[in-house]
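> Here is the input, now give the coordinates:
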Amino acid sequence: MYDATELPKSIVLEGASNVRDLGGWPAADGTHVRFGVVFRSASLGRLTGADAARLAATGLRTVVDLRGEAERKHAPSRLDSLPGVAVHFLPIDPSLGGPLRAIAAAREDAMAMMQHAYTSYALDWPHRYAALFGLLAQPARRPLLFHCTAGKDRTGFGAPLLLAALGVEYEAIRADYLATDRLWQGDAEIRAALPPVVADVLLTVHGELLDVAFAAIRGAYGSLDVYLEQRIGLDAARREHLRAALLT
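Numbering: from 1, shown residues only. Modelled structure (predicted):
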């Protein structure tokens, strides 16, 4: 069991939102994900000096940036005040299929587009998540933080995939995913430019999108275990090694 009022453990920063520790979620056999080892967040392009000090206090060693090249150029991360932190770029280009302003003003169209994006994360981009898991498996690379722009979708699929690999129950996985709605500050400029029904789809999280992604995995590979082994590189031994490192 877990206390929904205590998890996820948020890290409050001035220049970034949706920053949280993945620790605390329950896994099998009474274990829990360790605190202080894996973090997820939105963009780190506006970190203040106080933010850098807060992140440095976690012992952070690695930042994984899942944003595409254009996104990174538009809002480069401010990690110069975090010496010793290695940055790894594992770009997953946005899968939204065009400028947001060109989207039809229909919730159904926006939701279908997001379902396609989540299916793409699972089936077209597993090599990026495999690289992320490979970094997490290295003791010298932990603690590790991974992020995209909002920390909502590409990060929002990566975190559930990791938690599932660790044996965390799906209810808890969904709870961490849905926490973005209260932790991400959002983008007021984009929201103002979109029809409200479309903004509500694109700028919030929806548990059914996780269902779509994991259903796509089962449909293509038969089970999550097979997918983790064949596409993420987690055979039984490597998965057990990851669990030993990240669970307590």
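> Please count neighbours and contacts with C-alpha atoms only from this point.
Fine.
> would you list every one of the helices in the chain?
Remark: helices assigned in the chain by DSSP state H are 49-56, 69-74, 107-124, 126-136, 154-165, 170-178, 180-183, 188-193, 196-202, 207-221, 224-230, 236-246.
> For the longest one, buried residues please.
Under the neighbour-count criterion of 16 or more other CA atoms under 10 Å, helix 107-124 has 107, 110-111, 113-123 buried.
> Check the offset of that helix from the chain's centre.
Its chain's average C-alpha position is 16 Å from that of helix 107-124, according to CA atoms, centre = their mean, to the nearest Å.
> tilt between that helix and helix 207-221?
For helix 107-124 against helix 207-221, the angle by axes from the mean of the first three to the mean of the last three CA atoms, to 10 degrees is 40 degrees.
> Number the chain from 521, please
Noted, 521 is the first residue going forward, which turns the last one into helix 627-644.
> Most tightly packed of the helices of the chain?
helix 674-685 (a mean of 22; mean count of other CA atoms under 10 Å).
> now for that helix, which elements pack on it?
Counting contacts by 3 or more CA pairs under 8 Å, 6 or more residues apart in numbering; DSSP states H and E, helix 674-685 packs against strand 558-561, helix 627-644, strand 664-667, helix 690-698.
> Who are the contact partners of the residue lying closest to residue 688 once chain neighbours are set aside?
Spatially, and ignoring its direct neighbours in sequence, residue 688 is nearest to residue 547 (4.1 Å; CA to CA, 6 or more residues apart in numbering). Listed by CA atoms under 8 Å, 6 or more residues apart in numbering, the contact set of residue 547 reads 553, 686, 687, 688, 689, 767.
> Kindly report which one of the helices and strands packed on helix 674-685 carries the lowest mean pLDDT.
Least confident of those, judged by mean pLDDT, is helix 627-644 with a mean of 89.
> helices or strands up against that one?
Using 3+ CA pairs under 8 Å, 6+ apart: helix 627-644 touches helix 674-685, helix 716-722, helix 727-741.
> quick one: residue 665 and residue 564 touch, right?
No: assessed by CA atoms under 8 Å, residue 665 is found out of contact with residue 564, at 10.6 Å.
> Grab the most central residue of this structure for me.
For the chain, the residue nearest the mean C-alpha position is residue 675 (2.0 Å; CA atoms, centre = their mean).
> what's near enough to touch it?
Contacts for residue 675 (CA under 8 Å, 6+ apart) come out as 560, 561, 586, 666, 667, 668.
> let's go with 7 Å and repeat that
Residue 675 is in contact with 667, 668, counting by CA atoms under 7 Å, 6 or more residues apart in numbering.
> thought residue 657 was touching residue 760?
No: using CA atoms under 7 Å, residue 657 makes no contact with residue 760, being 10.5 Å away.
> packing partners for the worst-scoring helix or strand of the chain on mean pLDDT?
The helix or strand of the chain with the poorest confidence is helix 708-713; it has a mean of 72 (mean pLDDT, DSSP states H and E). Contact partners of helix 708-713 among helices and strands, from 3 or more CA pairs under 7 Å, 6 or more residues apart in numbering; DSSP states H and E: none.
> returning to that earlier point: so what pLDDT did the residue nearest to residue 688 get?
So residue 547 comes in at 96 (pLDDT).
> Roughly how far does it sit from residue 602?
Separation of residue 547 from residue 602 (CA to CA, to the nearest Å): 32 Å.
> any idea how far residue 638 is from the residue nearest to residue 688?
Separation of residue 547 from residue 638 (CA to CA) stands at 24 Å.
> among the contacts of residue 547, which two are most distant?
689 and 767 (13.6 Å; CA to CA).
> Figure out how far stretch 642-650 is from the centre of its chain.
13 Å.
> same check, this time on stretch 753-765
20 Å.
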